[in-house]
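1. compute the structure for the input listed below.
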Amino acid sequence: MFSALDAAGKEIKAQYPDDSKTVDDFVWILKEACRIRYKKALDGSMQPMKAEAHFFLSQDRMSAYACLLPPENDGDGITYEEFLEDMHYEGIHYGILQEDIQQEFALGYLRIFPVARGKLPQEGEDGRVTELFQRHGHMRLEVQNGSQVDFSKDVQLQPVRKGTVICLIRFPREGTDGMDITGHELPSPPVVSAIVPQGRNTTISRGGQALTASVDGILYIENDLFCIHEQKIINGDLDQFQGSLQVSGNLYIEGNVDGGVDIEASGDIVINGKMGQARVAAGGTIRIQQGIYGTKGKTSVTAAGQVQSPVMEWTEIDAGTSVIAETISNSTIRCGHVVYAMTGRGMIVDSLIRAGDSVLCLRIGNLAGGRSRFSIGYPTHIPESWERIRTELTEVQSTLEKLWKPITGLRKKGTRISEGEKSVLEQLVEQRDIYIEKRDALTAELRLVNKALDKKSKGRIRCEVVHPCLDVQIGRLTEEITTVEENCNIHVEENHILLK
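-> Now for the predicted structure:
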């Protein structure tokens, strides 16, 4: 009997190799059952033993096998109906292999055969998004430091029109549940909808099957979402023939800007060419890709954010945050944070720099000489106010001194003063009083500015080489550098300006 069971096991494993472990376990149990039956058959009573149907369930309950053990001592056989009833009471209710059971049942005892197969759950398909555009980096021009601006590369833009399909969206498809042979339901894995990368100025349309642009503009990625800068794009150059241009939002100019044109945008401005004689103002960041080659007094750039340009010549720059360049010459720069000139030549020559934080560059000045003036570490209006107030105070004091002499001379005449001279004296005294009030107001204003300048500043100038001459102001402290200095870290320490 053991040999027959081993042969039956080998045969069934050849048909169902994935069930080899289940079959081996079943054969072991059948052998134990045969051993017990054999011992009973040999006891003294020699009672007849009826044929038995044995069943075995796989560990995952997805399959069930059966084997008929023969009767002993002239015991009765087992009918097909009894076999099915035994199988039912063993808890096998689903996936019954009726035809296979009938065929195997007819072949007799000591055969192992499958009697039920469960149904595995069928996985569905998750939703999916097919992107039709490249994932270009965000179009926020402002960067954290100067090394992040590569002026050798054009600004990459992806213009799209309202209604352009950005992504196709496929809905999820539900799977089908399965069931094991005991009748327990096996739910299919849940499916998830696709995460649609919908950002600013995009909308889901076409019955939920597409992500489209809701405005004309530039497509970009921010926080893994497709967004659109609502933007006006100008092909070619802008010059005196265009006059002035005002744009709500962002502006991209493909060519050059020159000829006294006046440009203003509430967002960012990108000029992919050069800038000459013009005035450009933006509520965001301004980038001039090929440099500013201006005219004294006729070229200005004003931005609430950063100003970025590889070359800044003969221009006035006013930036709310930082200024990033490779060369700055003969220019006036005002910025709320840092002036960077750390790439390319990294040079600042013959320029006035007022930085709310610091100046970081490779080189200040050149072999031909010249003079630059740097004021750092304070909001730009404070040093400017300090200079203005001191200048005005000097002028007011000079005027008061000039008024004092004629007033004193007229008063010395006493009763001998004529009516005409009295009138002149009254006018001079009135003027003097006005200038005294102005002097007192300026003195109070200067006191406040001095208080602000007395606060400790972390502003510094870092550069590899300084050529003379450089005037440095940090707070109320000033220093004139008239020698070549290397590896400078100009800062204030213990109320002194140090170069290292």
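2. what helix or strand is the closest residue to T130 other than its chain neighbours located in?
-> Leaving aside its chain neighbours, T130 sits nearest to L168 (4.3 Å; criterion: CB to CB, 6 or more residues apart in numbering). Just so you know, the C-beta spots here come from the backbone N, C-alpha and C atoms, and that holds for glycine as well. Assigned by DSSP states H and E, L168 belongs to strand 165-170.
3. which residues are contacting that strand?
-> 125, 127-133, 160, 194, 196-197, 202, 204, 206, 208-213, 219, 226 (CB atoms under 8 Å, 6 or more residues apart in numbering).
4. quick check: neighbours of that strand in the sheet, parallel or antiparallel?
-> strand 128-131 (antiparallel), strand 210-213 (antiparallel) (DSSP bridges).
5. now do the buried residues in the first one.
-> It refers to strand 128-131. Across strand 128-131, burial judged by 16 or more other CB atoms under 10 Å covers V129.
6. mean confidence for it?
-> Across strand 128-131, pLDDT averages out at 95.
7. and F56, which of the three is it?
-> Three-state call for F56 (DSSP: H, G, I helix; E, B strand; the rest coil): strand.
8. what's near enough to touch it?
-> F56 touches 22, 25-26, 29, 64-66, counting by CB under 8 Å, 6+ apart.
9. for D25, see how far away it is.
-> Counting by CB to CB, to the nearest Å, the gap from F56 to D25 is 7 Å.
10. swap in N487?
-> 80 Å.
11. for the record, mean pLDDT for the lengthiest helix in the chain?
-> Scanning the chain for the helix with the most residues, using DSSP state H, yields helix 419-453. Taken as a whole, helix 419-453 has an average pLDDT of 87.
12. so which bits of it are buried?
-> Residues of helix 419-453 classed as buried: 425, 428, 432, 435, 438-439, 442, 445-446, 449, 452-453 (neighbour count, 16+ other CB under 10 Å).
13. quick check: next helix or strand after that helix?
-> Later in the chain than helix 419-453, the nearest helix or strand by DSSP H and E is strand 461-466.
14. what is that following strand packed up against?
-> Where contact means 3 or more CB pairs under 8 Å, 6 or more residues apart in numbering; DSSP states H and E, strand 461-466 is packed against strand 359-361, strand 363-364, strand 485-493.
15. same for the second one, what does it pack against?
-> Under the contact criterion of 3+ CB pairs under 8 Å, 6+ apart, the helices and strands touching strand 363-364 comprise strand 347-349, strand 461-466.
16. let's go with 6 Å and repeat that
-> Applying 3 or more CB pairs under 6 Å, 6 or more residues apart in numbering; DSSP states H and E, we find strand 363-364 packed against strand 461-466.
17. tell me the strands beside the strand it packs on, with direction?
-> By DSSP bridges, strand 461-466 pairs with strand 359-361 (parallel), strand 363-364 (parallel), strand 485-493 (antiparallel).
18. now the following helix or strand past that strand and strand 461-466, what's the angle there?
-> Proceeding N to C from strand 461-466, the next assigned helix or strand is strand 470-474, under DSSP H and E. Here strand 470-474 points in a direction 160 degrees away from that of strand 461-466 (axes from the mean of the first three to the mean of the last three CA atoms, to 10 degrees).
19. what does strand 470-474 contact?
-> The list of residues contacting strand 470-474 from outside it, by CB atoms under 6 Å, 6 or more residues apart in numbering, reads 364, 372-377, 457, 459, 479-481, 490, 492.
20. and the next element down the chain from it?
-> Next along the chain after strand 470-474, taking DSSP H and E as the criterion, comes strand 477-481.
21. please name the strands paired to that following strand in the sheet, noting orientation.
-> Taking DSSP bridges as the criterion, strand 477-481 forms sheet pairs with strand 470-474 (antiparallel).
22. pLDDT of the partner strand, averaged?
-> If you average the pLDDT over strand 470-474, you get 92.
23. okay, buried residues for it please.
-> In strand 470-474, counting by 16+ other CB under 10 Å, buried: 470, 472-474.
24. do the same with stretch 74-88
-> Neighbour counts over stretch 74-88 (16+ other CB under 10 Å) mark 75, 78, 83-84, 86-87 as buried.
25. any chance of those in CSV, plus secondary structure, distance to P114 and pLDDT?
-> Shown next, in CSV, are these (DSSP: H, G, I helix; E, B strand; the rest coil; distance: CB to CB, whole Å; pLDDT from 0 to 100):
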residue, secondary structure, distance to P114, pLDDT
G75, coil, 26, 86
I78, coil, 18, 92
F83, helix, 14, 93
L84, helix, 15, 93
D86, helix, 16, 93
M87, helix, 12, 93
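26. which neighbouring elements make contact with the worst-scoring helix or strand of the chain on mean pLDDT?
-> Least confident helix or strand of the chain, by mean pLDDT, DSSP states H and E, is strand 159-160 with a mean of 78. Packing partners of strand 159-160 (3+ CB pairs under 6 Å, 6+ apart): none among the helices and strands.
27. what's next to that strand, contact-wise?
-> 213, 218-219, 233.
28. report the distance from that strand to the chain centre.
-> 21 Å (CA atoms, centre = their mean, to the nearest Å).
29. so which residues of the stretch 51-200 of the chain form strands?
-> Assigned by DSSP state E, counting those that start in this stretch, the strands in the stretch 51-200 of the chain fall at 52-57, 63-69, 112-117, 128-131, 159-160, 165-170, 178-179, 185-186.
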